[in-house]
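Visitor: need a 3D model of the sequence below.
(2 chains)
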Amino acid sequence: MSEPLLTIADLHAFYGESHALHGMSLDIREGEVVTLLGRNGAGKTTTIKSIMGVMGRRTGSIRYRDQELIRLPSNAIARLGIAWCPEERGIFASLDVRENLMLPPPIKAGGMPVEEIFALFPNLRERLRSQGTKLSGGEQQMLAIARILRTGATLLLLDEPTEGLAPVIIQQIGRVIRTLKERGFTILLVEQNFRFAATVADRHYVVEHGRVIDMIENSELAQKTDRLQEYLGV
Amino acid sequence: MFELLGIPPQALFGQLLIGLINGAFYAMLSLGLAVIFGLLNIINFTHGAQYMMGAFVAYLSLTHLGLAYWWALLLAPIAVGLFGILLERTMLHRLYKLDHLYGLLLTFGLALIVEGFFRNQYGSSGLPYSIPAELRGGYNLGFMFLPTYRAWVVVASVIVCFGTWFVIERTKLGAYLRAATENPTLVQAFGVNVPRMVTLTYGFGVALAAFAGVMAAPIYQVSPLMGANLIIVVFAVVVIGGMGSILGAIVTGFGLGVIEGLTKVFYPEASNTVIFVIMAIVLTIKPAGLFGRAT
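Guide: Okay, the predicted model is just below:
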């Protein structure tokens, strides 16, 4: 089994005085798609923000390849090859679709060419001159994923990419994630919808009260569905 | 010679030109304020003092170093811009997450300190700064006399304003600036060094004020209070254009300068208040300003 690409150990994170992560530990291997599953407020998004360096105070360890990230600013973390697609999508209203797409600076060679991005997300090509926030929710989500593929980043942090989207768009995003996995991207995916997660992921971490309480291989999911539903309260 | 509403053309076009000149300064200053407010969320009350510092750098570099106007036009923005960068790095950057009021109070205090220092050193009366030899004289247009230096001020400010607008609205750097104005956390998480960009943006906005100060030196004389007299009107221009709006700052800067000039011709008693009357009307009808986005 390959060495972990990202290893989080005993991670604590805080929103002001509020203690949000209580000793989060997990690892992700190169080329894997791993999900963080859990109820609202469990600490999934906080974990992603902590990796990306956009949380206020963090302690513990986040190692990416041989680099400790815990003290790095977010721009330095991005330049190591980690890209973030936030939950609220972060499409810029003052930029058109093309500007939104081209905004993240390339951080290393090997980013996906724009033509390939359009092959994955054909809708975007037709909307290049539209204001970013005039797109539909699904198109905005596609744009938010598309723009981080150009940069050469190889670890993608996708925060609830299916939230609030129609089933047909969710299926399209599922196809895109599987394609990205085939192309060698490593993906950490935050999801509430475990049925969607099961279609794309290799492993699932279950998060509760700011720490991992279980890890389920996707191949075991069928046998452990009841347990997972209990964790998620569904 | 023809008359318009009983006004001789020399008076009309003369005031129109003065309005355009004032508008050029309003536009350059409010543009700097808009750029700074957009990215830093700071209402930069030091802007008038920085404009005055630009004029003083021109005056001092001429009297002490013998450097002519054209050198001052280059050196003053750099020197005062570096002063701005020092302010941003040591003080302003602590205020970004606080209410606007804190930035306003700090920059207002800094303006008083800077103006007090210059008044202490150089007195309150205006110091002469002559028009460079290349820009003396003027053109007789038939209906009015156009002084070369004033034409240069209008043309140069249009170029500077258009250049700034172009960089912000049409280039990759401008896209970073606009995006960071909306969501600096995300732009930084894309790998952009946002704190450095913020510092340089403040330096640029301040440099723009200093550039305007050098341009103003031969017209208004160099005085420690030259910025304080102008800054209130410039803030009114920014509010009318829409806080943080680049195009708004430019268009309303020139437009209000012209309106003020025309008011001097047709109803001189109102010329000092017309901009504030317009501000009150605009705030009543469109609180975000003519070009601002409602939040």
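Visitor: from here on, contacts and neighbour counts on C-alpha atoms
Guide: Fine.
Visitor: where along the stretch 151-295 of chain B do the helices fall?
Guide: Counting by DSSP state H, counting those that start in this stretch, the stretch 151-295 of chain B has these helices, from start to end: B:172-182, B:184-189, B:194-220, B:226-241, B:246-266, B:274-285.
Visitor: please work out which residues outside the last one touch it.
Guide: By Cα atoms under 8 Å, 6 or more residues apart in numbering or on different chains, the surrounding residues in contact with helix B:274-285 are B:233, B:236-237, B:239-240, B:256, B:260, B:263, B:289-290.
Visitor: now tabulate the helices of the stretch 151-295 of chain B in CSV and tack on mean neighbour count, mean pLDDT and distance to A:Ala166.
Guide: Output for those, formatted as CSV (neighbours: other Cα atoms under 10 Å in any protein chain shown; pLDDT from 0 to 100; distance: least, Cα to Cα, whole Å):
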stretch, mean neighbour count, mean pLDDT, distance to A:Ala166
helix B:172-182, 20, 95, 27
helix B:184-189, 23, 96, 26
helix B:194-220, 25, 97, 35
helix B:226-241, 23, 93, 41
helix B:246-266, 24, 94, 38
helix B:274-285, 16, 96, 40
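Visitor: re earlier: quick check, nearest of the contacts of helix B:274-285 to B:Tyr139?
Guide: Distance to B:Tyr139 across the contacts of helix B:274-285 (Cα to Cα) is lowest for B:Glu260, with 24.0 Å.
Visitor: distance check, the nearest residue to that closest one once chain neighbours are set aside against B:Ile259.
Guide: Distances taken as Cα to Cα, 6 or more residues apart in numbering or on different chains put B:Ser271 closest to B:Glu260, at 5.6 Å, once the chain neighbours are dropped. Going from B:Ser271 to B:Ile259 by Cα to Cα, to the nearest Å gives 9 Å.
Visitor: chain neighbours aside, what residue packs nearest to the residue in the stretch 101-250 of chain B that chain A sits nearest to?
Guide: Closest to chain A within the stretch 101-250 of chain B is B:Gly191: 3.8 Å, counting by Cα to the nearest Cα. Spatial nearest neighbour of B:Gly191, excluding adjacent residues (Cα to Cα, 6+ apart): A:Asn75 at 3.8 Å.
Visitor: OK, contacts around that neighbour?
Guide: A:Asn75 neighbours (Cα under 8 Å, 6+ apart): B:188-193.
Visitor: got the residues of chain A near chain B?
Guide: By Cα under 8 Å from any Cα of the partner chain, the residues of chain A that approach chain B are A:52-54, A:74-79, A:83-84, A:90, A:92-95, A:99, A:103-105, A:107.
Visitor: next one: the residue sitting furthest away from the middle of chain A from B:Ile168, what distance?
Guide: For chain A, the residue at maximal distance from the C-alpha centroid (Cα atoms, centre = their mean) is A:Arg129, at 26.8 Å. The gap separating A:Arg129 from B:Ile168 is 17 Å, by Cα to Cα.
Visitor: next: B:Gln10.
Guide: For B:Gln10, the distance to B:Ile168 - Cα to Cα - is 38 Å.
Visitor: one more: B:Arg178?
Guide: Distance from B:Arg178 to B:Ile168, by Cα to Cα: 7 Å.
Visitor: which residues do these two both contact?
Guide: By Cα under 8 Å, 6+ apart, no residue touches both B:Arg178 and B:Ile168.
Visitor: so for stretch A:217-234, mean pLDDT?
Guide: For stretch A:217-234, mean pLDDT is 87.
Visitor: mind checking the end-to-end distance for it?
Guide: Stretch A:217-234 end-to-end distance (Cα to Cα) = 20 Å.
Visitor: quick one: distance of that stretch to the chain centre.
Guide: 21 Å (Cα atoms, centre = their mean, to the nearest Å).
Visitor: neighbouring contacts of that stretch?
Guide: With Cα under 8 Å, 6+ apart, stretch A:217-234 has contacts from A:37-39, A:198, A:201-204, A:206, A:216.
Visitor: now the residues you listed as TSV including secondary structure and neighbour count?
Guide: Conversion of these to TSV gives the following (DSSP: H, G, I helix; E, B strand; the rest coil; neighbours: other Cα atoms under 10 Å in any protein chain shown):
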residue	secondary structure	neighbour count
A:Leu37	strand	27
A:Gly38	coil	28
A:Arg39	coil	17
A:Ala198	helix	17
A:Ala201	coil	23
A:Asp202	coil	16
A:Arg203	strand	22
A:His204	strand	26
A:Val206	strand	21
A:Ile216	strand	16
